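# build me a structure from this.
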Amino acid sequence: VSILLPNCCSIPFNSFSIMCSTTSSPSSSSPLTTESHTPLRTESHTMTNNNATTSNSNKSSNTPLVVQVSPPAAAANTTALQERLPASLPLFVFFTPTLFGIVLAVLLERYQCEGKLRLFLEDVWDNDEPYALVGLGFVCITMVCNYLSGCVVHARIAYNVPAPLLYAVSTHNSSNSKSQPHPVDQDGGGYIAYNCIQRSHQNFLERYGELALCTMFLVSIVDRPNIAGLILILVSVLRILYTMAYQSKININARTKYVVMTMILANIGVGYGALLAMNGFGGMPLVVRK
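Have a look, this model is predicted:
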């Protein structure tokens with residue numbers, strides 16, 4: 001039995017039909033041909049005559065089988081999305097947020113932004129509380145986390161994706177979807193729209209640990225609470241914009257700029273760590289701790 005698979009053999013077999021072609025002579029050893037296709041009848045499996053069954057099995061041993069696979073629309077959509085991704089990225093691209101964070105840390109210390117922010121907040125709030133801005137930033141980033149969690153729960157209900165599944169596949173097409181189908185969902189299933197909402201929340205959780213560590217370093221080690229609070233507020237705004245860009249359409253350029261800016265802001269704490277290390281190894285007081 002010969003089974004012919006198409007070039008897209010990695011696509012799941014959602015729908016297929018088995019066709020058999022008869023040859024002119026049972027003993028012929030000619031290559032596989034598909035000129036005449038006859039559907040495989042299920043009635044032949046219910047034959048009770050032994051001779052007929054034996055004859056049918058002898059003929060079926062020389063009968064090639066052709067499996068025709070029709071790729072689903074979901075696989076075509078996934079292929080279209082993959083074509084938009086770059087072929088490869090050089091490794092130095094992943095270190096650019098840290099380099100930008102070091103540069104921003106040098107500029108913030110050069111122009112004494114921490115002291116200027118403290119004087120500005122004393123005039124606006126008529127209070128000399130040094131941790132007021134970092135407290136406000138903590139509230140903002142927590143509200144963003146809760147908002148993204150609510151978006152995922154709402155998407156599970158709207159697109160009928162049960163827990164504990166993290167991401168949806170094409171089989172989770174919702175017939176009672178309460179939301180509009182995603183622009184890429186040509187089959188109208190809505191699973192790509194759900195995955196975009198889930199991915200925006202997942203990306204936030206992936207970067208949240210780095211942001212928390214850098215914020216604690218700025219507040220407790222180098223005593224820059226106002227800079228840390230400003231970073232938290234800016235990251236909260238950028239995360240909302242990133243989520244809106246991700247949930248609205250598949251556009252890598254529209255959402256990449258937001259997530260890159262959040263990475264750069266979080267790496268300002270890494271920049272202060274580099275400056276503090278230079279204080280110890282180079283003897284230059286680049287960061288003056290109070």
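# quick check: which element contains Gly229?
Using DSSP states H and E, Gly229 sits within helix 225-248.
# that helix: which residues count as buried?
Residues 225-233, 235-236, 238-243, 245-247 are the ones in helix 225-248 that count as buried (16 or more other CB atoms under 10 Å). Glycine gets a C-beta too; all of them are placed from N, C-alpha and C.
# helices or strands up against that helix?
helix 113-125, helix 132-159, helix 191-220, helix 252-266, helix 268-282 (3 or more CB pairs under 8 Å, 6 or more residues apart in numbering; DSSP states H and E).
# tell me which of the ones you listed sits nearest to Val93.
Set against Val93 and scored by CB to CB, those come closest in helix 252-266, at 10.0 Å.
# and the angle for that closest one with helix 225-248?
160 degrees (axes from the mean of the first three to the mean of the last three CA atoms, to 10 degrees).
# who does helix 252-266 touch, helix- and strand-wise?
Helices and strands touching helix 252-266, by 3+ CB pairs under 8 Å, 6+ apart, are helix 96-110, helix 191-220, helix 225-248.
# list the buried residues of the second one.
Read that as helix 191-220. Across helix 191-220, burial judged by 16+ other CB under 10 Å covers 191-201, 203-204, 208, 210-211, 214-215, 217-219.
# the bottom helix or strand of the chain by mean pLDDT?
None of the helices or strands of the chain scores lower by mean pLDDT, DSSP states H and E than strand 16-20, at a mean of 36.
# just to revisit the earlier point, tell me which of the helices and strands packed on helix 225-248 sits nearest to Pro90.
helix 252-266 (15.4 Å).
# buried ones in that closest one?
For helix 252-266, by 16+ other CB under 10 Å, it's 255, 258-266.
# dump those residues into JSON lines; add pLDDT and distance to Gly150 as well.
As requested, the buried residues of helix 252-266 are exported to JSON lines (pLDDT from 0 to 100; distance: CB to CB, whole Å):
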{"residue": "Arg255", "pLDDT": "85", "distance to Gly150": "20"}
{"residue": "Tyr258", "pLDDT": "91", "distance to Gly150": "20"}
{"residue": "Val259", "pLDDT": "90", "distance to Gly150": "20"}
{"residue": "Val260", "pLDDT": "92", "distance to Gly150": "25"}
{"residue": "Met261", "pLDDT": "94", "distance to Gly150": "24"}
{"residue": "Thr262", "pLDDT": "94", "distance to Gly150": "20"}
{"residue": "Met263", "pLDDT": "94", "distance to Gly150": "24"}
{"residue": "Ile264", "pLDDT": "95", "distance to Gly150": "27"}
{"residue": "Leu265", "pLDDT": "96", "distance to Gly150": "24"}
{"residue": "Ala266", "pLDDT": "94", "distance to Gly150": "23"}
